[in-house]
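Give the three-dimensional model of this entry:
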Amino acid sequence: MSKPTLQKAGKVQTSSFESMLKPVRSQAVEGMSLRDPKRRRTAAAITRWREEIRAEAEAEGRKTGFEQGRSEGLEEGRRLAYDVAFEQASAARKEELVQFVAALQGVVAKAEDAMRAWYVAAERELDPIVVEIARRIVLTELKSEPETIRRFVSEAMAEATHANHVRLRANPADSEIVRSFQDEIVAAAQGLKGIEIVDDPAIVGGCIIETESGVIDASVEGKLLALSDELRRAA
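Next up, the predicted model:
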């Protein structure tokens, strides 16, 4: 019964002894390694290897940091370049727009000037046309409507106020009509004592009245001349 107990105690003592020897053995091995040239060379190689690994790690770290920094710098540079290019492009577009608006305003101003010049030229060119149309209308009316010459003479005599004697010159084709209502002319004019009707082939339509105070041009040519002057003043 007592024998197993001794064996267990021996095992316990042996384990405790082994644990006590571990630090001593480790120091001994380390001391032997330092004393052995081969082991010293191995330790030095391991040290160099560790230093190389550390140096490579540091170099790789610097390279990685440099690459990252360069990448970030390039990205920032691209962003800044884009912003600058965008601002420059925007400024250029604004400048182009300003120039375009100025050019457009110049074109509009020139177009307006050209239109005004065209209107003035057109009015000047139309004046003779208008006068000629009026001439033809009046002459046609004089030929077809004998009463038209009566109206011409009556309007002219209304201006010959306080005249004692008048000379009325008219185209021979119209003078016969005037003579037909000569008495009416004298009766309508206040203070008029006499009227002389003279044939004048140079007058085409209407009449010209001469009084002591002046001449009243009631011919077609005279009225058309007055119309032309009025058109020029209106232009």
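
Leu168 should be in a strand, yeah?
Yes. Using DSSP: H, G, I helix; E, B strand; the rest coil, the assignment for Leu168 is a strand.

count of neighbours near it?
For Leu168, the count of nearby residues is 24 (other CB atoms under 10 Å). Quick note: C-beta positions are derived from backbone N, CA and C, even for glycine.

and what of Leu224?
Leu224, neighbours per other CB under 10 Å, totals 18.

quick one, helices of this protein?
2-35, 37-144, 147-159, 172-180, 182-188, 220-234 (DSSP state H).

gap between the closest residue to Ala170 other than its chain neighbours and Thr161?
Leaving aside its sequence neighbours, Ala170 sits nearest to Cys207 (CB to CB, 6 or more residues apart in numbering; 4.2 Å). As judged by CB to CB, to the nearest Å, Cys207 and Thr161 stand 17 Å apart.

care to break the chain down by domain?
With domains defined by automatic domain parsing, the chain comprises 2-66, 145-234.

Now the weakest link among those, please, by mean pLDDT.
The weakest mean pLDDT among these belongs to domain 2-66, with a mean of 55.

partner residues bridging Val198?
Taking DSSP bridges as the rule, Val198 bridges to Arg169.

And for it, the neighbour number?
Should you count by other CB under 10 Å, Val198 turns out to have 14 residues around it.

swap in Lys94?
10.

which residues does it contact?
Contact criterion CB atoms under 8 Å, 6 or more residues apart in numbering gives no residues in contact with Lys94.

Check what pLDDT it gets.
77.

now do Arg78
Per the predicted model, pLDDT is 69 at Arg78.

distance of Thr161 from Arg233?
27 Å.

Looking at the two, which is more packed in?
When neighbours are counted by other CB under 10 Å, Thr161 and Arg233 differ, and Thr161 comes out ahead with 12 against 7.

The residue lying closest to that one once chain neighbours are set aside: how many residues sit nearby?
Using CB to CB, 6+ apart and skipping residues adjacent in sequence, the residue nearest Thr161 is Gln190, 7.0 Å away. Counted with other CB under 10 Å, the neighbours of Gln190 add up to 9.

Next: Glu176.
14.

try Ile203
Count around Ile203 with other CB under 10 Å applied: 23.

from memory it sits against Ser219, does it?
Yes. Using CB atoms under 8 Å, Ile203 is in contact with Ser219, at 5.1 Å.

related to what we said a few turns ago, just list whatever residues bridge to the residue nearest to Ala170.
If you apply DSSP bridges, the partners that Cys207 bridges to are Ala170, Ala218.

wait, isn't it in contact with Arg151?
No. Taking contacts as CB under 8 Å, Cys207 lies outside contact range of Arg151: 11.1 Å.

Comparing these two, which residue is more hemmed in?
The residue with more neighbours, out of Cys207 and Arg151, is Cys207; 26 against 13, by other CB under 10 Å.

Quickly note the distance from that one to Ile195.
11 Å.

list residues touching both of the two?
By CB under 8 Å, 6+ apart, the residues touching both Cys207 and Ile195 are Leu168.
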